[in-house]
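Colleague: fold the following and give me the result.
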Amino acid sequence: MKFAVLVFPGSNCDIDCYKAVEDAIGEEVDYVWHTATDLSAYDCILVPGGFSYGDYLRCGAISRFAPVMNEVAKAAEQGKYILGICNGFQILTEAGLLPGALIRNMSLKFRCHDTVLKVANADTPFTRDYAPGEEIVIPIAHGEGNYYCDEETLASLQANNQIVFTYGSNPNGSLGDIAGICNEGGNVIGMMPHPERAVDSLLGSEDGKRMFTSILKAWRDRHDAAAIR
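Modeller: Residues are numbered from 1 along each chain as shown. Alright, predicted model coming up:
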């Protein structure tokens, strides 16, 4: 399996994502600059956290127009796995690959600490190694992590089981305590907490490691099924 870690001007969690892939599952991984126009070699695309383009206009609003995002959209349509973390989640919503928006934390303060998440949907390629309803510890670090959508969109997310993670104690005012969602196909996930910062007990938690093992298992199952056909 081959991973791409996108790099935008201002990304600061790209190295964390790269090392998480190396340390958690030992698969091949590359940094891919925001000007790239071909992602066909990759099976999973990680859109990392940080402050792409300094968060000018809105978080992710400029990155959404980077050339590589056209390729991310194509990869999503092809069913490839895409994980947007923190600023990556913001970019995916700005690009229309996930519904809703991330706005200022209700406290108007930057929040940086461990948080308890509930696994609301364990039936995705990213969460299959978790138990339904399991509580895990994953750190957050954001000032604009307050998830918002209209009532119709929220009803759709709930009906389609697209809410993947919820907060045990809401740190930012997110609607419905939402910490992470997926698209209807389940192959694109965005979340504000940082699983790449929770892959080793030395970091305070290794609960994020299973996101990466889940992705690898999902890819292997798909790859094996394709080989049989």
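Colleague: show me the residue sitting in the middle of this structure in space.
Modeller: The structure's the chain has its C-alpha centroid closest to Gly84; by Cα atoms, centre = their mean the separation is 2.9 Å.
Colleague: what pLDDT does it get?
Modeller: With respect to pLDDT, Gly84 scores 98.
Colleague: and it, how far from Ala225?
Modeller: Using Cβ to Cβ, to the nearest Å, we find Gly84 at a distance of 26 Å from Ala225. (Glycine included, C-beta is placed from N, CA and C.)
Colleague: may I ask which helix or strand of the protein has the lowest mean pLDDT?
Modeller: Taking mean pLDDT, DSSP states H and E as the measure, helix 209-228 is the helix or strand of the chain with the lowest mean score, a mean of 91.
Colleague: using CSV, write out every CA atom in that helix.
Modeller: Provided in CSV are the C-alpha atoms of helix 209-228 (Å, rounded to 0.1, in the frame of the first residue of the first chain):
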residue,chain,number,x,y,z
LYS,A,209,-2.7,3.7,15.6
ARG,A,210,-5.7,1.6,14.8
MET,A,211,-6.9,4.2,12.3
PHE,A,212,-3.8,3.3,10.2
THR,A,213,-4.1,-0.4,10.8
SER,A,214,-7.7,-0.2,9.8
ILE,A,215,-6.9,1.5,6.5
LEU,A,216,-4.2,-1.1,5.7
LYS,A,217,-6.6,-4.0,6.4
ALA,A,218,-9.3,-2.4,4.3
TRP,A,219,-6.9,-1.9,1.4
ARG,A,220,-5.6,-5.5,1.7
ASP,A,221,-9.1,-6.9,1.7
ARG,A,222,-10.0,-4.9,-1.4
HIS,A,223,-6.7,-5.8,-3.1
ASP,A,224,-7.2,-9.5,-2.4
ALA,A,225,-10.8,-9.4,-3.7
ALA,A,226,-9.6,-7.7,-6.9
ALA,A,227,-6.9,-10.3,-7.3
ILE,A,228,-9.4,-13.2,-7.0
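Colleague: secondary structure element holding Thr37?
Modeller: Of the helices and strands defined by DSSP states H and E, none includes Thr37.
Colleague: tell me, how many residues neighbour it?
Modeller: Residues near Thr37, counting by other Cβ atoms under 10 Å, number 8.
Colleague: check Gly176 too.
Modeller: 16.
Colleague: ok, now Gly26?
Modeller: For Gly26, the neighbour count with other Cβ under 10 Å is 10.
Colleague: mind listing the helices for this structure?
Modeller: 14-24, 67-77, 87-94, 151-159, 209-228 (DSSP state H).
Colleague: what is the last one packed up against?
Modeller: Using 3 or more Cβ pairs under 8 Å, 6 or more residues apart in numbering; DSSP states H and E as the contact criterion, the secondary-structure elements in contact with helix 209-228 are helix 14-24, strand 81-85.
Colleague: then the shortest one to CSV, C-alphas only?
Modeller: This file holds the C-alpha atoms of strand 81-85, laid out as CSV (Å, rounded to 0.1, in the frame of the first residue of the first chain):
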residue,chain,number,x,y,z
TYR,A,81,-9.1,6.4,0.9
ILE,A,82,-8.8,10.0,2.0
LEU,A,83,-8.2,11.2,5.5
GLY,A,84,-8.3,14.9,6.3
ILE,A,85,-7.0,15.8,9.8
